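J.: Using only what follows, build the 3D model:
(2 chains)
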There are 2 protein chains.
Amino acid sequence: MNFTFAPTPLYLLHSDANGNRIYIKREDLLPYSFGGNKARIGHEYLEDMKRQGCDHMLAYGNARSNLCRVLANLCAGEGIPLTILRPADDDGQQRKAFNGQLCESFGARILPCLKTGVAESVDHAMDIIRSEGGKPYYIYGDRTGQGNRAVPVAAYAKAWAEIEAQQAQLGVRFDKIVLALGTGMTQAGLLCGMRQSAHRPQVLGISIARDEAAARRHISAYTEAYAGPGRDDICICDRFRSGYGQYDEEILHCIRDTMARCGIPLDGTYTAKAFYGMKVLMDEENWRGQNILFLHTGGTPLFFDSYR
Amino acid sequence: MNFTFAPTPLYLLHSDANGNRIYIKREDLLPYSFGGNKARIGHEYLEDMKRQGCDHMLAYGNARSNLCRVLANLCAGEGIPLTILRPADDDGQQRKAFNGQLCESFGARILPCLKTGVAESVDHAMDIIRSEGGKPYYIYGDRTGQGNRAVPVAAYAKAWAEIEAQQAQLGVRFDKIVLALGTGMTQAGLLCGMRQSAHRPQVLGISIARDEAAARRHISAYTEAYAGPGRDDICICDRFRSGYGQYDEEILHCIRDTMARCGIPLDGTYTAKAFYGMKVLMDEENWRGQNILFLHTGGTPLFFDSYR
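T.: Numbers count the residues shown, from 1 in each chain, chains lettered A, B, ... in the order given. This is a model prediction of the structure:
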């Protein structure tokens, strides 16, 4: 399924009195499985799995994971078996979430997993798959989760060319690209993509869970795996975290307000934290005359979770 | 909010052994309020309301209405008050639905309404709005619901030009366009749009509630209101109805199967009935060598209702 045949909508969302213009790129409208950055990234994993001649995909992610939903959809579409290691939340609960329900309806096998014992769970799942006669492909490469970093980075290294072309069409140059920062794969991809570009916007990741130092280590590891050592400008703000999947009243208000004003669904785990953080920073740091691109990285099922 | 700046994705979904090719146009990905045909239609109503100098919108629709959700979003975005007359379902129940919840979160005023007393409810709501100092705009024009038929038809009379351009780009000629038929506004719009075209595909509406005769009367009334009398080829199939908002196991299976195979969300009230009907007819009538365009008319919130 090639769903990147046409660029996703990129348009001016808002101009303010300080000469800032906020553009938005609607990756949530990629025409496959509610899209999002994980649609592009999942596609890269699937292609890599085929190149390696494996026949059973193994993923890791909780019930709110956008990546697991996309992978489960891709695998269902191609008749490839998928096993998901699903950790409980930090408080030990398994909350109901549409992404998780979709994984189940796509026929994924869900194995529970302790966050403190991921490596053992990966070993165990690989053993099960092999004992069934399958050739497992673990998306994160090895039991430490560090063996397959180049593959997902390719998605946004490629997507950067799409953004550059849209910039040129609109006759605008982005000063900043703002996005939700979770694993760091997407930010690393953009940074790798723009290494060859004359004009490089600042890429500002609003971290949704990790502190700045940890997020920086992850992004560096991803960029280096894909493109080798380089001098990337890794910008991170970790002030708007409140724990993965946890959010407060301000974030919930941001979701409802952005939907009402702009008809755009955000979610409390990723995009609303980034959107809210961007608006606070714009104000506090007194941004002026900036062309800002907000990368909407998807999560439509999570939007509906917040309205249940 | 102009959200029709770029054509929605139109791509080949499936080819079969009989030489049929099913294309899909993803109107559900119009980048505003989960899109759908009602995004274009709602935009037409809003523009008409402004032309008429009114300042309070009045709509009619139940909790599953896509049109009410889009109107409530548009009105919230522009600070225009909206009142919705909301009938209960045929069995007297008010079921929980994301579209209805969204209307409420957008701040629409919801007034209950009996299906048997719509005209009186319209009168009553208009009186309330006027007594508050507002100038009401009832989307259906008058208490009989027949006073404003040209306005919504404009949406797909215009969208036909977009489809024609995409046809040319793909180098294909559609033999049939298949879509869910509810009010008939969308089908009427396409028929009006193509009156000037040399090549006119058959437009086949799969009725989701009305019988063929009633559906035909509605479509004729809409085409005539917009474009005057004409010889339109009105094709209707009413075999796949099971009551508005009611659906059976086959439809539910179609929703889950289409999501799993293609990553495309359908819904039990509209699009899945049309998609399922199309596949049954293709088989029964032994379609061969046809280029078929399925018009995905949206309803993402309804998809999530079916997974609650």
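
J.: hang on, isn't A:Q101 packed against B:F304?
T.: No: counting by Cβ atoms under 8 Å, A:Q101 does not reach B:F304; the two are 9.7 Å apart. Just so you know, the C-beta spots here come from the backbone N, C-alpha and C atoms, and that holds for glycine as well.

J.: Have a look at the two and say which one is more surrounded.
T.: B:F304 (25 against 17; other Cβ atoms under 10 Å in any protein chain shown).

J.: The more buried one sits in which helix or strand?
T.: For B:F304, the enclosing helix or strand under DSSP states H and E is helix B:300-305.

J.: Send me that helix as CSV with only the CA atoms.
T.: Extracted C-alpha coordinates of helix B:300-305, given in CSV (Å, rounded to 0.1, in the frame of the first residue of the first chain):
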residue,chain,number,x,y,z
THR,B,300,-15.0,9.3,10.9
PRO,B,301,-16.8,9.9,14.3
LEU,B,302,-19.4,7.3,13.3
PHE,B,303,-16.6,4.8,12.6
PHE,B,304,-15.4,5.2,16.2
ASP,B,305,-19.0,4.8,17.5
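
J.: ok, residues contacting it?
T.: Counting by Cβ atoms under 8 Å, 6 or more residues apart in numbering or on different chains, helix B:300-305 makes contact with A:98, A:300-301, A:304, B:28, B:34-36, B:64, B:66, B:69, B:97-99, B:102, B:255, B:259, B:265-270, all of which sit outside it.

J.: Show me which of these are buried.
T.: Neighbour counting by 16 or more other Cβ atoms under 10 Å in any protein chain shown classes A:98, A:300-301, A:304, B:28, B:34-36, B:64, B:66, B:69, B:97-99, B:102, B:255, B:259, B:265-270 among these as buried.

J.: Which ones among the residues you listed lie within strands?
T.: Nothing among those maps onto strands, per DSSP state E.

J.: quick one: which of those sit in helices?
T.: Per DSSP state H, helices hold the following members of the buried ones among the contacts of helix B:300-305: A:F98, A:T300, A:P301, A:F304, B:N66, B:R69, B:F98, B:N99, B:L102, B:I255, B:M259.

J.: Thought B:P265 was touching the first one, still the case?
T.: No: with contact taken as Cβ under 8 Å, A:F98 and B:P265 are classed as non-touching, separated by 10.8 Å.

J.: Tell me, how many residues neighbour the nearest residue to A:K115 once chain neighbours are set aside?
T.: Nearest residue to A:K115, sequence neighbours excluded (Cβ to Cβ, 6 or more residues apart in numbering or on different chains): A:P87, at 4.6 Å. Neighbour count of A:P87, defined by other Cβ under 10 Å: 19.

J.: who touches A:P87 in this structure?
T.: Residues counted as contacts of A:P87 (Cβ under 8 Å, 6+ apart) are A:Y60, A:N62, A:P112, A:C113, A:L114, A:K115, A:V118.

J.: Identify the bridge partners of it.
T.: A:C113 (DSSP bridges).

J.: quick one: it from chain B, how far?
T.: With distances taken as Cβ to the nearest Cβ, to the nearest Å, A:P87 is found 22 Å from chain B.

J.: ok, now A:M185?
T.: Counting by Cβ to the nearest Cβ - A:M185 and chain B are separated by 20 Å.

J.: Contacts only, for that residue.
T.: By Cβ under 8 Å, 6+ apart, the neighbours of A:M185 are A:N37, A:I41, A:P152, A:V153, A:A155, A:Y156, A:Y222.

J.: Narrow those residues to those in helices?
T.: Per DSSP H, the contacts of A:M185 map to helices at A:N37, A:I41, A:P152, A:V153, A:A155, A:Y156, A:Y222.

J.: pretty sure the fourth one contacts A:R195?
T.: Read that as A:V153. No: contact criterion Cβ under 8 Å: A:V153 and A:R195 do not qualify, at 11.7 Å.

J.: I'd like the contacts of A:M185 as a markdown table, with neighbour count, distance to A:P136 and pLDDT appended.
T.: Output for the contacts of A:M185, formatted as a markdown table (neighbours: other Cβ atoms under 10 Å in any protein chain shown; distance: Cβ to Cβ, whole Å; pLDDT from 0 to 100):
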| residue | neighbour count | distance to A:P136 | pLDDT |
| --- | --- | --- | --- |
| A:N37 | 31 | 25 | 98 |
| A:I41 | 27 | 19 | 98 |
| A:P152 | 29 | 18 | 98 |
| A:V153 | 29 | 22 | 98 |
| A:A155 | 23 | 22 | 98 |
| A:Y156 | 30 | 26 | 98 |
| A:Y222 | 23 | 23 | 98 |
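
J.: So which of these reach chain B?
T.: Taking Cβ under 8 Å from any Cβ of the partner chain as the test, chain B is in contact with none of the contacts of A:M185.

J.: Contact residues of the stretch 201-308 of chain A facing chain B?
T.: Residues of the stretch 201-308 of chain A lying near chain B (Cβ under 8 Å from any Cβ): A:256, A:259-265, A:300-301, A:304, A:307-308.

J.: Which one of those is nearest to B:H296?
T.: A:T300 (15.1 Å; Cβ to Cβ).

J.: mind exporting stretch A:32-39 as CSV, just the C-alpha atoms?
T.: Coordinates of each C-alpha in stretch A:32-39 appear next as CSV, following Å, rounded to 0.1, in the frame of the first residue of the first chain:
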residue,chain,number,x,y,z
TYR,A,32,-4.0,5.0,5.5
SER,A,33,-5.1,3.9,9.0
PHE,A,34,-5.6,7.5,10.3
GLY,A,35,-2.2,8.4,9.1
GLY,A,36,0.3,10.2,11.3
ASN,A,37,4.1,10.0,11.4
LYS,A,38,3.8,6.3,12.4
ALA,A,39,2.1,5.5,9.1
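
J.: chain center to that stretch: distance?
T.: Relative to its chain's centre, stretch A:32-39 lies at 9 Å (Cα atoms, centre = their mean, to the nearest Å).

J.: OK, contacts around A:Y276?
T.: By Cβ under 8 Å, 6+ apart, the neighbours of A:Y276 are A:F240, A:E250, A:I251, A:C254.

J.: ok, and the closest non-adjacent residue to the second one?
T.: Okay, so that is A:E250. That would be A:Y276: by Cβ to Cβ, 6+ apart, it lies 6.4 Å from A:E250.

J.: go on, the last one?
T.: In space, not counting the residues next to it along the chain, A:C254 is nearest to A:Y276; the distance is 4.3 Å by Cβ to Cβ, 6+ apart.
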